[in-house]
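[1] Dropping the sequence and predicted coords here.
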Amino acid sequence: MEKLDLRKELKYLYAPSAKKVEVVDVPELQFAMIDGQIEPGQMPGASPAFEAAVGALYGISYRLKFMSKLRADNPVDYKVMGLEGLWWIEEGEFDITQPGNWHWTLLIVQPAHVTPAMFVDAQAELREKRPNPAIDQLRLAPFHEGLCMQVMHLGPYADEPQTVARMKEFAQAHNYEPAGKHHEIYLGDPLRSAPHQLKTILRQPVRPVEA
C-alpha cells in the first residue's frame, strides 16, 4: 500500500518559523471547502455554524482517507491535514481585532488522487452515519494562493494582532501590499486545544508594490 505524507511534502508551507516572517509561493492545491459567517455577537469558538462546519470538514476528510485506504485498486494511506480558514468582511478592510461580521471559508487539503466521485460518495456516507446540515454545503475545489508571507503564531488567538503587526512591518520593509484574504492554518483542534498550546500559521497573500 502506498503511504502519502503531505505534511512532509509540503513542509515549507506548513512548518514556518515563529521567529521571522517568510515569503512563499503557494501552488494550486485541492481542498475540501465550506463557506459561512460568524453569527452577530459571537466569536468563532462559540459559533454554532463554525462548529458544524468544522465537524463536517473533518468528517469528510477522514471518510475520504478510509475510502482511499480501503479501495481495491491502488490503495493509498495518508494523514489528514489540519484545518485552515480564510477570513474577510464584505466591506472595508479586515481587522483581526474587530470580530464583527466576519465571513469565512474553512478548508482542509485533500490529496490529488481524491476525485469528485469519491467526494460525492463520502458525502453520502457521512450524511447517513453522522447527520449534519453542513455536509450539504461542502465542496471539493482547487485553490491557488500564489505569493504569500507567513509566520508561525504561538499562543492564544487573542494575541494574534501582535503577530499580524509584525507581518505588516515586514511587508512595508520589503515593498509588499496585501492581495488576498487573511489565512489561518490551525495546527491542532481550535475548539479543543488550550490557548497557551495553540500553534497557528498566519498567511497573507501579497504582491509587490509598484514604484
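    That came in fine, so what should we check first?

[2] buried residues in stretch 136-149?
    Buried residues in stretch 136-149, counted by 16 or more other CB atoms under 10 Å: 138, 140, 145, 148-149. Every C-beta, even on glycine, is put in place using the N, C-alpha and C of the backbone.

[3] and of those residues, the nearest to Ala112?
    Nearest to Ala112 out of the buried residues of stretch 136-149 is Leu140 (CB to CB; 11.4 Å).

[4] Quick one: list the elements packing against the lengthiest helix in the chain.
    Counting residues, the longest helix found in the chain (DSSP state H) is helix 48-70. Other helices and strands packing on helix 48-70, by 3 or more CB pairs under 8 Å, 6 or more residues apart in numbering; DSSP states H and E, are strand 22-37, strand 76-78, strand 83-88, strand 103-110, helix 116-129.

[5] mind saving the C-alpha coords of the first one as CSV?
    If I follow you right, that is strand 22-37. Output of strand 22-37 as CSV, limited to C-alpha atoms (Å, rounded to 0.1, in the frame of the first residue of the first chain):
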residue,chain,number,x,y,z
GLU,A,22,8.9,34.3,5.3
VAL,A,23,7.7,34.7,1.7
VAL,A,24,6.5,31.5,-0.1
ASP,A,25,4.9,30.8,-3.4
VAL,A,26,1.9,28.6,-2.7
PRO,A,27,1.0,26.3,-5.6
GLU,A,28,-2.5,25.1,-6.5
LEU,A,29,-3.8,22.5,-4.1
GLN,A,30,-7.0,20.6,-3.7
PHE,A,31,-9.3,21.3,-0.8
ALA,A,32,-12.5,20.3,0.8
MET,A,33,-14.2,23.7,1.5
ILE,A,34,-17.2,25.2,3.2
ASP,A,35,-18.3,28.9,3.4
GLY,A,36,-20.0,30.6,6.2
GLN,A,37,-20.3,33.6,8.5
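
[6] tell me what it is packed against?
    Applying 3+ CB pairs under 8 Å, 6+ apart, one finds that strand 22-37 contacts helix 11-14, helix 48-70, strand 103-110, strand 139-154.

[7] Okay, now the unreliable bits of the chain?
    91-100, 189-191, 211 (pLDDT under 70).

[8] Spatially central residue in it, please.
    For the chain, Glu84 is the residue whose C-alpha lies nearest the centre (CA atoms, centre = their mean; 1.3 Å).

[9] If that one is in a bridge, with which residues?
    Leu107, Ile185 (DSSP bridges).

[10] my guess is it meets Tyr186, correct?
    Yes - between Glu84 and Tyr186 there is a contact under CB atoms under 8 Å: 7.0 Å.

[11] ok so, going back, kindly provide the distance from the residue nearest to the centre of the chain to His144.
    For Glu84, the distance to His144 equals 14 Å [CB to CB, to the nearest Å].

[12] hang on, the earlier thing: list the contacts for the residue nearest to the centre of the chain?
    31, 106-109, 183-186 (CB atoms under 8 Å, 6 or more residues apart in numbering).

[13] Near Ala56, how many other residues are there?
    24 (other CB atoms under 10 Å).

[14] Tell me who's in contact with it.
    34, 126, 132, 134-135, 137-138.

[15] export the residues you listed to JSON lines and tack on distance to Phe170?
    Shown next, in JSON lines, are the contacts of Ala56 (distance: CB to CB, whole Å):
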{"residue": "Ile34", "distance to Phe170": "31"}
{"residue": "Leu126", "distance to Phe170": "41"}
{"residue": "Asn132", "distance to Phe170": "39"}
{"residue": "Ala134", "distance to Phe170": "36"}
{"residue": "Ile135", "distance to Phe170": "39"}
{"residue": "Gln137", "distance to Phe170": "35"}
{"residue": "Leu138", "distance to Phe170": "35"}
